[in-house]
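A.B. asks: Sequence isn't available, so here's the structure alone:
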C-alpha cells in the first residue's frame with residue numbers, strides 16, 4: 001500500500017473513531033437529542049439548482065421519488081430526467097416509472113430510461129456513471145428517498161468523482177427522524193443506513209481503488225516468450241507492467 005494512502009486511511013480512521021466517541025458521550029448525557037440528530041444526518045436535501053441532468057435512482061417507480069424528479073424536469077432545472085431502472089419482475093423499473101409519469105400528465109420526451117441490473121447503490125453508481133459521462137452531464141441533481149439521500153450522495157461522489165452531484169431528497173413515510181428508536185422498522189432503516197455508510201467509506205470504496213491500483217490481470221503489453229525444446233529463446237517477462245498502477249477504463 002502506498003505510504004500516502006496508508007497515512008490518509010489512518011487519519012480517516014482516527015477521525016471516525018473520534019466522532020464515534022463524541023457521539024457516544026452525547027448519547028450518554030442526552031440520548032434523544034443525539035439519536036435524533038444522527039437520524040437527521042441521513043437526510044441531505046439541498047435546494048435545487050440548474051443542472052445538466054436530473055438522475056432518479058431506482059427503488060420507487062410510482063411514488064414521491066419519481067414524481068419529484070419529474071417536477072424538477074418540467075420546472076426547467078434540467079433538460080432531461082434520467083430514471084435508473086433496476087429489474088422489477090419482467091420489466092425495468094425505469095419503463096414502469098415513465099409509464100406511470102406519462103399517465104400523470106408529464107411529457108414523455110423529457111425522460112430517459114436507463115435499464116440496468118444493479119442490486120444496490122454502489123452497483124447502480126458504477127452502472128450509471130459511464131452513461132452520465134456519455135450524455136455529457138457535469139452537474140447532476142440526485143433524487144432519492146430522504147433517508148437514503150446522504151448515503152447516495154457519498155456513493156456517487158466517491159465512485160463518480162468527475163461529476164458534481166446535488167442531492168434533492170423526496171419525502172418518505174417509511175422513516176421518521178423523531179423517536180425513530182421506538183419503531184422496529186425505523187430502527188432497522190437507521191442501523192442499515194449507518195452500517196452501509198461505514199461499509200462504503202471504509203470497505204467498498206478502498207476495495208474499488210485498490211483494484212484500480214493493483215490489477216488482477218496482466219496488461220496486454222506484458223508478453224511472455226516460452227522456451228520450447230530446440231528453441232534457444234529464454235522466457236522474457238515485462239515485470240514493470242506487473243507493478244505499474246493503471247486506471248480502469
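C.D. replies: All right, it came through fine. These numbers come from a predicted model, not from an experiment.

A.B. asks: Can you check the pLDDT for the spatially most central residue of the chain?
C.D. replies: Centroid check for the chain by CA atoms, centre = their mean gives residue 155 as the closest residue, at 3.0 Å. On the pLDDT scale, residue 155 is placed at 98.

A.B. asks: packing partners for the one helix or strand it maps to?
C.D. replies: Secondary structure from DSSP states H and E places residue 155 in helix 146-159. For helix 146-159, the elements it packs on are helix 121-134, strand 139-145, strand 164-170, helix 184-199, helix 205-213, judged by 3 or more CB pairs under 8 Å, 6 or more residues apart in numbering; DSSP states H and E. To be clear about C-beta, it is placed using only N, CA and C from the backbone, and glycine gets the same treatment.

A.B. asks: ranking those by burial, who's on top?
C.D. replies: Highest mean neighbour count of the helices and strands packed on helix 146-159: strand 139-145, a mean of 24 (counted as mean count of other CB atoms under 10 Å).

A.B. asks: For that strand, give me every contacting residue.
C.D. replies: With contact meaning CB atoms under 8 Å, 6 or more residues apart in numbering, strand 139-145 is reached by 48-57, 59-60, 64-65, 68-69, 72, 77-78, 132, 149, 152-153, 156, 163-170, 172, 174.

A.B. asks: what does stretch 159-166 give?
C.D. replies: Contacts of stretch 159-166 (CB under 8 Å, 6+ apart): 46, 48-49, 51, 122, 125-126, 128-129, 132-133, 137-142, 153, 156-157, 205, 208.

A.B. asks: go again using 7 Å as the cut-off
C.D. replies: Stretch 159-166 is contacted by residues 46, 49, 51, 122, 125-126, 129, 132, 137-142, 153, 156-157, 208 when judged by CB atoms under 7 Å, 6 or more residues apart in numbering.

A.B. asks: Check stretch 169-178 too.
C.D. replies: 36, 39-40, 43-45, 64-65, 68, 143-147, 149, 185-186, 189.

A.B. asks: circling back to that earlier point, I'd like the helices and strands packed on helix 146-159 as TSV, with distance to residue 83 and mean pLDDT appended.
C.D. replies: As requested, those are arranged in TSV below (distance: least, CB to CB, whole Å; pLDDT from 0 to 100):
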stretch	distance to residue 83	mean pLDDT
helix 121-134	10	97
strand 139-145	9	98
strand 164-170	13	97
helix 184-199	22	95
helix 205-213	25	86
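
A.B. asks: Nearest approach to residue 112 belongs to which of those?
C.D. replies: helix 121-134 (8.7 Å; CB to CB).

A.B. asks: elements contacting the closest one?
C.D. replies: Helices and strands touching helix 121-134, as assessed by 3 or more CB pairs under 7 Å, 6 or more residues apart in numbering; DSSP states H and E, comprise helix 146-159.

A.B. asks: Buried residues, stretch 74-91. List them.
C.D. replies: 77-78, 81-86 (16 or more other CB atoms under 10 Å).

A.B. asks: Check the spacing between the residue nearest to the centre of the chain and residue 100 real quick.
C.D. replies: As judged by CB to CB, to the nearest Å, residue 155 and residue 100 stand 26 Å apart.

A.B. asks: try residue 163
C.D. replies: 27 Å.

A.B. asks: the more surrounded of these two?
C.D. replies: residue 163 (20 against 16; other CB atoms under 10 Å).

A.B. asks: measure that one to residue 75 for me?
C.D. replies: From residue 163 to residue 75 the distance is 22 Å (CB to CB).

A.B. asks: same check, this time on residue 196
C.D. replies: For residue 196, the distance to residue 75 (CB to CB) stands at 31 Å.

A.B. asks: repeat for residue 37
C.D. replies: On the measure of CB to CB, residue 37 and residue 75 end up 32 Å apart.

A.B. asks: Look up the pLDDT of residue 200 for me, please.
C.D. replies: Residue 200 carries a pLDDT value of 96.

A.B. asks: Residue 173 too?
C.D. replies: 82.

A.B. asks: May I have the secondary structure class of it?
C.D. replies: Secondary structure, DSSP: H, G, I helix; E, B strand; the rest coil: residue 173 is coil.
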